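*Asks:* predicted structure and sequence below. I'll ask about it afterward.
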Amino acid sequence: MDTVVDTSSPLNVRVVPRPRDHNTRARPTLLCAPAVLCVGGPRPSLVSPPGIPHPYFIGSVSKMAANFVRALAVKSFDIPDKKRCPDKAEFDLVTVDDYSVARLILAPGWRWSTSVKPTEMTEFCEHNHLGYCVSGSLEIETSEGVRSTIHANDTYALPPGHDEWVVGSEPFVAVEFLGAASFGRPRSHGLHALT
């Protein structure tokens, strides 16, 4: 018997037996609800024990969206599509296919709560961040008081609701792949936009 992942109810992902078709190569088959698109993490974690909701699924929609690259695109941060230079920061934005990617250069002394909060008009940074640190260090503190530091060669994911600041005398340089289009745009309130 092969197994098949049944996601007809995304809150109850379970493994069900499937008779093996001896005329074809044996392989597991994924049955996915159209809204879920079988995304959600490393393959071994896609299967949850019966009756236990899978952590990557909420309701009938996956926490992660399916992304498709439709065309070859190469651009340089040396010639960005947009450049924004708010207080003590520089954001170089490029769009490849339909994706915005940003290079952040945050100067020593930059802090979200002093440099950006006055224009964002929110208590904390409400952007989602997914990125890679090229150099420097950035301290993060969530609205719940949890702290972490991002260093060179770290990858990071930050949910909305945090403050962040440059640590030390070296600029923080990073490349971000999520939320990049709205960086440095006045009064974005954490909303992502193409402008």
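*Replies:* Arrived safely.
*Asks:* the closest residue to residue 168 other than its chain neighbours: neighbour count?
*Replies:* Distance criterion Cβ to Cβ, 6 or more residues apart in numbering; nearest residue to residue 168, sequence neighbours excluded, is residue 137 at 5.7 Å. Placement of C-beta: from N, CA and C, glycine included. When neighbours are defined as other Cβ atoms under 10 Å, residue 137 has 16 of them.
*Asks:* measure residue 137 to residue 170 for me?
*Replies:* Look at residue 137 and residue 170: by Cβ to Cβ, to the nearest Å, they are 7 Å apart.
*Asks:* any stretches of the chain with poor pLDDT?
*Replies:* 1-66, 182-195 (pLDDT under 70).
*Asks:* mind listing the helices for it?
*Replies:* For the chain, the helices defined by DSSP state H cover 112-115, 117-120.
*Asks:* for those, which one sits closest to residue 155?
*Replies:* Between residue 155 and those, the shortest separation by Cβ to Cβ is 19.7 Å, and it involves helix 112-115.
*Asks:* and that closest one, which residues are buried?
*Replies:* Residues of helix 112-115 classed as buried: 112, 113, 115 (neighbour count, 16 or more other Cβ atoms under 10 Å).
*Asks:* can you check stretch 156-166 too?
*Replies:* 156, 158, 162, 163, 164, 165, 166.
*Asks:* what's the first-to-last distance across that stretch?
*Replies:* 15 Å (Cα to Cα, to the nearest Å).
*Asks:* contacts for that stretch?
*Replies:* 106-113, 124-133, 136-144, 150, 172, 178, 190 (Cβ atoms under 8 Å, 6 or more residues apart in numbering).
*Asks:* redo that, cut-off 7 Å
*Replies:* Stretch 156-166 has contacts (Cβ atoms under 7 Å, 6 or more residues apart in numbering) with 106-113, 124-131, 133, 136, 138-143, 150, 172, 190.
*Asks:* which of those residues fall in strands?
*Replies:* Here DSSP state E is the test, and the contacts of stretch 156-166 give 106, 129, 130, 131, 133, 138, 139, 140, 141, 142, 150, 172 as lying in strands.
*Asks:* contacts only, for the residue nearest to the third one when sequence neighbours are not counted.
*Replies:* The spatially closest residue to residue 130, leaving aside those adjacent along the chain, is residue 178, at 3.7 Å (Cβ to Cβ, 6+ apart). Neighbouring residues of residue 178 by Cβ under 7 Å, 6+ apart: 128, 129, 130.
*Asks:* buried ones among these?
*Replies:* By neighbour count, with 16+ other Cβ under 10 Å, the contacts of residue 178 hold residue 129 as buried.
*Asks:* I'd like the contacts of residue 178 as a markdown table, with distance to residue 101 appended.
*Replies:* Formatted as a markdown table, those follow (distance: Cβ to Cβ, whole Å):
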| residue | distance to residue 101 |
| --- | --- |
| 128 | 14 |
| 129 | 13 |
| 130 | 10 |
